[in-house]
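**Student:** everything below, folded, please.
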Amino acid sequence: MNIFDIAGRAMSAQLVRLNATASNMANAGTITGDEKTAYRAIKPVFQTITDGPGIATVKVDKVVQSDTAPVKRHDPGHPLADANGDVWEAGVDSSAEMVEMIETARQYQNNVQVLQTAKSLMLDTIRMGK
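**Tutor:** The predicted structure follows:
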């Protein structure tokens, strides 16, 4: 495993994380008439992959549903309300998802910078050999 593999795998994992965050934000505020069908946030679970001392990267092991319960709200006028007049709003914290999105974008950008630095160092090394 080299620097390009390590950073590439990390960037791939961050893309999965960003996709999960986008799904969560897209479904924040959605309403359903049944608690079981209400959207629950999803989160990727990362696993460290080691290839020797001092060499490690990450992969997405799985994507799990959050245990945050949907919010029950009494709204008898809503077309999706059940017989009691209740609806359920997705169990998504929009503020937490925004923080997650910003952190994910920064992690991705950090890995882009690693690749750019590695490329620059390799080119400088080649120029020194000429």
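**Student:** check the most centrally placed residue in the chain and give its pLDDT.
**Tutor:** Compute the mean C-alpha point of the chain, and by Cα atoms, centre = their mean the closest residue is Arg17, 1.9 Å away. Here, the pLDDT recorded for Arg17 equals 96.
**Student:** is it true that it touches Glu100?
**Tutor:** Yes: the criterion here is Cβ atoms under 8 Å, and Arg17 meets it with Glu100 at 7.5 Å. The way it works is simple: take the backbone N, C-alpha and C, and place the C-beta from them, glycine included.
**Student:** give the burial count for Lys43, as a bare number.
**Tutor:** Look at Lys43: counted by other Cβ atoms under 10 Å, it has 15 neighbours.
**Student:** now do Gly85
**Tutor:** By other Cβ under 10 Å, neighbour count at Gly85 equals 12.
**Student:** look up how far Asp34 lies from it.
**Tutor:** 14 Å (Cβ to Cβ, to the nearest Å).
**Student:** fine by me, thanks again.
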